[in-house]
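Undergrad: build me a model from this:
(chains A and B)
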Amino acid sequence: MHLIKINKKAVVFTMDAMFALFITLSFFIFINDSLSEPSGSIYSNIDLLQLSNDGLAVLEKSGILENSIKNLNNSELQIYLNGFPEQICGNITLYNSINLKLLSAVKSSCAESDMNAISRRIFISKSDIYLAVMEVWYFET
Amino acid sequence: MKKAQIFSLDLIFASTIYILILMIVIYSWETNLENINLKEQRGNLEMISRNLANLLILTEGYPSNWSNTEINSLGLALTLSQNNLNSTYKSKPMGLNKNGAWNLDTNKILSLQSLNYSYSKELLGLLREEENYYILISVWNDTNYVNAYSIGLAPYNNASAIVTNERFALLEGDYAKLSFNIWQECEGRLCI
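TA: Modelled structure (predicted):
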């Protein structure tokens, strides 16, 4: 009669240990990846808002908003928008007191985007009240 | 009698894997910690640069007609004061006047330009030695913005962080762009 020899050496790396190691490493890689991901500036939206606020203030104080309404001409607004930095897009819309759109201008070669910042500014021309709205967003290729 | 093996092959194998994992974890910990610190540092610089650009564009400084010899607070906006000395007494509301916020004063720009750099840094609240500022004011010439004034210290080639905040204003009736840069001299490993 032949006796079957059984190898009695313990298996250190059991399936359980391998499974635990796999889970731990997966977690580690996931956490490491999320931490080392390059994230943009947390203030990028504030920067856009500041830019649109500046834009409306400058246009009002230089009298461009008033002139545009008087002449019903958007060319000066267009010139201002085209002077924005390359990576910034924007548009301006002027409304009267009953919210009727009177004029608008968009920076050349800019497509609309959902990720924008909006500023509003009230101004006066010939004793009438008008509303200027400026939307600003990052250029998307 | 069979002697027991303390350092079995399995144990050596297990220890090697353990040490390897430990080394990877420590390395990643250090790297991530450094990245988080850099991000935090950059966030701080962005906030400082935003606040200082606001200060320069929206305020006239104190006293409102400040000069290199008498100055408590910096600001580049045109003076609105009644007596040209005390900015407490305003003749008109700022929003309806051509002066004031967003209207830069050329004389104040020139005064800041000639002010001692360390003293101007102190006035801006940049008290850390490695922090520096550089302001570039450009004016619209009907086609693009052209550099007109530069104030402060231009960033070194090996600066470890440069944060720029661009603001739009008016300078003598023309469109102007003020770029406020804060930059840090490189430290330790970050130096090239």
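Undergrad: could you use CA atoms for every contact and neighbour count after this?
TA: Will do.
Undergrad: can you show me the helices along chain A?
TA: In chain A, the helices defined using DSSP state H lie at A:15-36, A:44-61, A:64-71, A:75-82.
Undergrad: now the longest helix anywhere in chain B: average pLDDT?
TA: Taking DSSP H as the assignment, the helix of chain B that covers the most residues is helix B:9-58. Here the mean pLDDT over helix B:9-58 is 88, rounded to a whole number.
Undergrad: what's the most buried one of the helices of chain A?
TA: Scoring these by mean neighbour count under mean count of other CA atoms under 10 Å in any protein chain shown gives helix A:44-61 as the most buried, with a mean of 21.
Undergrad: what comes into contact with that helix?
TA: By CA atoms under 8 Å, 6 or more residues apart in numbering or on different chains, the residues outside helix A:44-61 that reach it are A:65-66, A:116-121, A:123, A:132-137, B:97-98, B:102, B:165-170, B:175.
Undergrad: what subset of the residues you listed is buried?
TA: For those, burial is judged from neighbour counts taken by 16 or more other CA atoms under 10 Å in any protein chain shown, and it is met by A:65-66, A:116-120, A:123, A:132-137, B:98, B:102, B:165-170, B:175.
Undergrad: for stretch B:143-150, list every residue counted as buried.
TA: Per 16+ other CA under 10 Å, stretch B:143-150 contains these buried residues: B:145, B:150.
Undergrad: that one near chain A anywhere?
TA: Yes: looking at stretch B:143-150 against chain A by CA under 8 Å from any CA of the partner chain, the contacts come from B:143-145.
Undergrad: returning to what we had before: need the helices of chain A in JSON lines with distance to B:P63, can you?
TA: What follows is the helices of chain A, written out as JSON lines (distance: least, CA to CA, whole Å):
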{"stretch": "helix A:15-36", "distance to B:P63": "47"}
{"stretch": "helix A:44-61", "distance to B:P63": "24"}
{"stretch": "helix A:64-71", "distance to B:P63": "31"}
{"stretch": "helix A:75-82", "distance to B:P63": "33"}
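Undergrad: how much space between the residue nearest the centre of chain A and A:I88?
TA: Centrality entry for chain A: nearest residue to the mean C-alpha point is A:M115, 4.3 Å, by CA atoms, centre = their mean. For A:M115, the distance to A:I88 under the criterion CA to CA, to the nearest Å works out to 12 Å.
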